[in-house]
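Asks: Here's a sequence, model it:
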Amino acid sequence: MKIFILVLIAVSIFLIANSLYTVNEAEQVVITQFGKPVGKPVLTPGLKLKTPFIQSVNRFDKRILEWDGDPDKVTTQDKRFIWVDVYARWKITNPKLFMERLTDERSAQSRLDDILDGTAREVIAQHKLVEVIRSSNREPEVDAGDLYEDIEVAFQPIKIGRKKIEQKIFDAAKPQISNMGIELMDFRFKRINYTEDVQREIDDRMISERKRIAEKYRSEGNGEMMRIMGEKERELKRIMSGASKEAQIIIGEADAQAVSIYAEAYNKNADSREFFEFMKTLDTYKTTFSSKDTLIMTTDNSYFKYLNK
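Replies: Predicted coordinates for the structure are as follows:
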């Protein structure tokens, strides 16, 4: 009798243990019976009851989940190849439908790979490279004509931009996902890189542009140098001309003053004039004659009068 009671108690505990289950705040549960969902999904946390043995508990995450795509080589409308790396956020909003269509999160991730990657490729292929990599029409800080050979590519106005392309991908993918019990919460470009060929082309163009800009600055610098040198020469000539003119004026004024002094001294009296003539003549003799010179002149020559006397 005691053994029977113990067995009954053990069976009761076992049945109760298989009839009760708990749901935490981050979970939602779908009960299946012989592999098929029964009843409504359990969305609230707490201690729950199910039929033992024939019913199973299938747990799904109720939080926002992440999807991280693999970098994919995509071509744009203008035939440029780029590497696009994207990510998205999603959540299970209808666990019963989710279980019927996808079974588990691994299958959901695989399905998201197909939908999001495919939609991203399709939308990007409808737009030019400049629309994918830029988000706004910014104004260049310098003259764009000096920086880029192809101004239409470099600073052409964009009509859509990267943000709107992200939104287009999101809007196109969301209906495809919603019929699987999933809600797409967000979609973003993580990284956009040029392929090696495009990157090499861009690098070569940037090098060529910088060389051209440097040459332009050198040319402008040489022109400015020549202008400054020309102004310097003109200013120097103007200063020299003014200084020469002023010097000539001073010399002329000095000569005039000297002549005035000489004339005043010469005309002061006759004796002084005679003495002056005598001294100047003697000076002339000193500078004109030497011991080897021979002069032939008449005795009445004025030049000879002091020698004669």
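Asks: Helices along this structure, start to end?
Replies: Using DSSP state H, the helices of the chain run over 2-19, 95-101, 105-124, 129-133, 144-147, 151-154, 161-178, 196-266, 270-288, 305-308.
Asks: how far does stretch 52-72 stretch from start to finish?
Replies: One end of stretch 52-72 to the other measures 48 Å (CA to CA, to the nearest Å).
Asks: Just list the residues touching Q199, thanks.
Replies: N193 (CB atoms under 8 Å, 6 or more residues apart in numbering). C-beta coordinates here come from the backbone N, C-alpha and C atoms, glycine included.
Asks: And H127, by the same measure?
Replies: Here H127 is in contact with 76-77, 160, 165 (criterion: CB under 8 Å, 6+ apart).
Asks: which one among these gets closest to M185?
Replies: Checking those against M185 with CB to CB, the nearest one is I165 at 18.1 Å.
Asks: V123 is in contact with the closest one, correct?
Replies: Yes: I165 is in contact with V123 according to CB atoms under 8 Å; the separation is 6.1 Å.
Asks: so where is this structure shaky, pLDDT-wise?
Replies: 1, 4, 6-17, 138-155, 265-273, 297, 299-309 (pLDDT under 70).
Asks: Could you list the domains of it?
Replies: Per the record, the chain has its domains at 2-61, 65-194, 274-309, by automatic domain parsing.
Asks: now, of the ones you listed, which is deepest in the fold?
Replies: Most buried of those, by mean neighbour count (mean count of other CB atoms under 10 Å): domain 65-194, with a mean of 16.
Asks: rewinding a little: of the contacts of H127, closest to D197?
Replies: Of these, the one sitting nearest to D197 (CB to CB) turns out to be T76, at 13.4 Å.
Asks: So the closest one is in contact with R121, correct?
Replies: No: assessed by CB under 8 Å, T76 is found out of contact with R121, at 10.5 Å.
Asks: So for G230, which of the domains of the chain sits nearest?
Replies: Per CB to CB, nearest to G230 of the domains of the chain: domain 65-194, 25.9 Å.
Asks: Report the contact partners of T22.
Replies: Per CB under 8 Å, 6+ apart, neighbours of T22: 45-48.
Asks: Okay, and which of these map to strands?
Replies: Counting by DSSP state E, the contacts of T22 place 46-48 in strands.
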